[in-house]
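Visitor: sequence plus the predicted model coming up.
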Amino acid sequence: MLRKFLGKTKDLWKKVNNIKDTPHAIGLGAAVGLGWNFIPSLGIGPFVSVFTAKLFRGSGIAAITVNLGTGIFIPILYSLNMVTGRFLLGRWFTAPEIEKQIQDSIQETIDNIEIIKETPSRFFSLSKVTEFGFEFFLGGLLNAVIFGVILYGLIWLPRFVKQKCFYKKVVKD
């Protein structure tokens, strides 16, 4: 199961790296796709990702690929949102609480991986969104920005270096 997951992750990385577009557009699209997974979008995240990426002149293909590829991590991302939001508001978690919340999120993802793949909308409903508080949304926005910037850099830098160093421009006199 782990090999299958790692193989799919490797395939996802190859798909994003094979997109023919500028490094900025691909990095921006991927960052937007990941960013929308931090915010509850009730099943329309892939569509919103493409729209947002296109709005900012990013790659829609990179946005939807990363959004769908990282969707399996949503329970972990939501736990991180709670931890970050509470930290920012000064409501401290104790170490056992953080550990338990992250373990529960990982366990829920592992237990329901087949169900999530088949019917992801079953885990997203308006009643679940209303359970989240301000700390969750604050943490989600901050995490989306931080991890989006990191992913942008991870995608943009190698493509930019490859473009500048390995492709020579033909100069006509």
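Guide: All right, it came through fine. Numbers count the residues shown, from 1 in each chain.
Visitor: mind listing what the residue most central in space within the chain touches?
Guide: Nearest residue to the geometric centre of the chain (CA atoms, centre = their mean): Leu34, 2.2 Å. Contacts here follow CB atoms under 8 Å, 6 or more residues apart in numbering; on that basis Leu34 touches 66-67, 70, 144, 147-148, 151. Placement of C-beta: from N, CA and C, glycine included.
Visitor: could I get the buried residue list for the strand or helix carrying Ile74?
Guide: Using DSSP states H and E, Ile74 sits in helix 74-89. Judged by neighbour count using 16 or more other CB atoms under 10 Å, the buried positions of helix 74-89 are 74-87.
Visitor: what is the nearest of these to Gln103?
Guide: Ser79 (9.4 Å; CB to CB).
Visitor: right, and Leu28 touches Gly60 too?
Guide: No - Leu28 lies out of contact with Gly60 (CB atoms under 8 Å); the separation is 10.5 Å.
Visitor: what residues are shared contacts of these two?
Guide: Common contacts of Leu28 and Gly60 (CB under 8 Å, 6+ apart): Ala53.
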